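> how would this look folded up:
(one chain, ligands or ions: 1)
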Amino acid sequence: MKKEQVVNCQFSVWYPLFKKHTIKSVILPLPQNVIDYLLDDGTLVVSGSELTSQSSRTNNSDSEEEEDIQWSDDETTTTVTAPEFPEFNSKVQEAINALGGRVFPKLNWSAPRDANWIALNSSLQCQSLSDIFLLFKSSDFITHDLTQPFIHCSDDSPDPVINYELVLRKWSELIPGGEYRCFVKENKLIGISQRDYTQHYQHISKQEASISSSIQEFFRDHIQYQFPDEDFVLDVYRDSRGRVWLIDLNPFGEVTDSLLFTWEELTSGNSLTDNQTGEDTALQECPAFRYTTSEVTVQPSPCLSYRIPRDFLDLSTGEDAYKLIDFLKLKKGQQEEESDEEDAGPQS
Ligand SMILES: Nc1ncnc2c1ncn2[C@@H]1O[C@H](COP(=O)(O)OP(=O)(O)OP(=O)(O)O)[C@@H](O)[C@H]1O
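Below is the predicted model of the structure:
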């Protein structure tokens, strides 16, 4: 895969070309200080402006009503302040409002799909910049966009300069069973895969022919020969009325998940077969269509490995202050036990 292919798949490159056929979106340049904040592991995501860690808290203090989390054994006072970006924040809020108040955020290429479990609503739906920061700072996919977008490229040309962008897309309730990934080689649609291949959807096998033909028609009428590359991968959504929408464009290569195909098959030049019929699609002049056929093949969510236990999450976000207090008590108890054991020690 060439670096140019990756450059062409940036949201701001394809969105103007296919605006009419995709979800309404706003693109905002990402300021350097926001990029630095996203890449800084040490800073917190706090929705209020301050999280105070204050010492010398006395047991009889009346600070119970205070919202700040305060603890310490020593005499120092530390204030951790989450950075604020007032100007950028107001641009983001304005865009969110213009898009109906709820958005799906992404960067030049990726959405933080690996971090949806961290959000309170377990979804990528955001209503504010702090919702977006929480997802972005927890996502390896976002870090990948920011630090190594060309890692899978084979050409040794210098890395093109990237202008980072925050993409806000109007929130749309997409039903996973309506999503398909389409593989385009030399401007020919060669394969269509069910996107959410971990599930079996009955309607797909029932409507196989009409789904395939509506996607082919959409590709032929609106996409073919209009994208700067001849090899690419497009994600589409077929709504309940049978209308097809463009969701995303991705590079044709390993960096993109090949779902129910393999990259070896897709790049071999041999014609692909349908998994249902096993038929050679070259004879029919139509793309191979693959979908999950039975419950037996249902697999766990591909993003499962990115999750951590809920307790860790509550602790790290300070979402559940009582859990944090219990945790600290537990630690203290353990330390006391350990020092008791040390004192007891084996007698010689
Ligand atoms: N505007 C939206 N509103 C709600 N959900 C959305 C929206 N856009 C996309 N999604 C959901 O999020 C998923 C991922 O979106 P998208 O393809 O843009 O992310 P991505 O990071 O580029 O993914 P990939 O790397 O697999 O291409 C989609 O499959 C869809 O289910």
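> from here on, just use CA atoms for contacts and neighbour counts.
Will do.
> what is the burial count for the closest residue to Trp171 other than its chain neighbours?
Distances taken as Cα to Cα, 6 or more residues apart in numbering put Val103 closest to Trp171, at 4.4 Å, once the chain neighbours are dropped. Neighbour count for Val103, taken as other Cα atoms under 10 Å: 24.
> test my guess that Val103 contacts Glu173.
No. The criterion here is Cα atoms under 8 Å, and Val103 misses it with Glu173 at 10.9 Å.
> helices of this structure, start to end?
Counting by DSSP state H, the segments of the chain that form helices are 3-8, 11-18, 32-39, 86-98, 129-137, 140-147, 202-206, 208-218, 263-268, 310-317, 321-344.
> average pLDDT across the longest one?
Pointing back at helix 321-344 there. Across helix 321-344, pLDDT averages out at 57.
> the shortest one now?
Here helix 202-206 scores 94 as its mean pLDDT.
> for that helix, which outside residues touch it?
Residues external to helix 202-206 that are found in contact with it (Cα atoms under 8 Å, 6 or more residues apart in numbering): 177, 211, 291, 293.
> buried stuff in that helix?
The neighbour-count criterion (16 or more other Cα atoms under 10 Å) identifies Ile204 as the buried residues of helix 202-206.
> can I get it in PDB? Just the C-alpha atoms.
Once side chains and other backbone atoms are set aside, the C-alpha atoms of helix 202-206 remain, and they are given as PDB (Å, rounded to 0.1, in the frame of the first residue of the first chain):
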ATOM      1  CA  GLN A 202     -31.600 -13.400   8.900                       C
ATOM      2  CA  HIS A 203     -32.700 -10.600   6.600                       C
ATOM      3  CA  ILE A 204     -29.300 -10.700   4.800                       C
ATOM      4  CA  SER A 205     -29.700 -14.300   3.500                       C
ATOM      5  CA  LYS A 206     -33.400 -13.600   2.600                       C
END
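> show me which residues of the protein are close to the ligand?
Residues of the chain that fall close to the ligand, judged by Cα under 6 Å from any ligand atom: 104, 109-111, 169-174, 176, 248.
> lowest average confidence, helix or strand, in this protein?
Across the helices and strands of the chain, the lowest-confidence element by mean pLDDT, DSSP states H and E is strand 50-54, at a mean of 39.
> where does the stretch 151-300 of the chain have low pLDDT?
Judged against pLDDT under 70, the low-scoring parts of the stretch 151-300 of the chain cover residues 275-284, 295-300.
> show me where it has its strands.
Under the criterion DSSP state E, counting those that start in this stretch, the stretch 151-300 of the chain contains strands at 165-170, 179-185, 188-194, 232-238, 244-251, 288-290.
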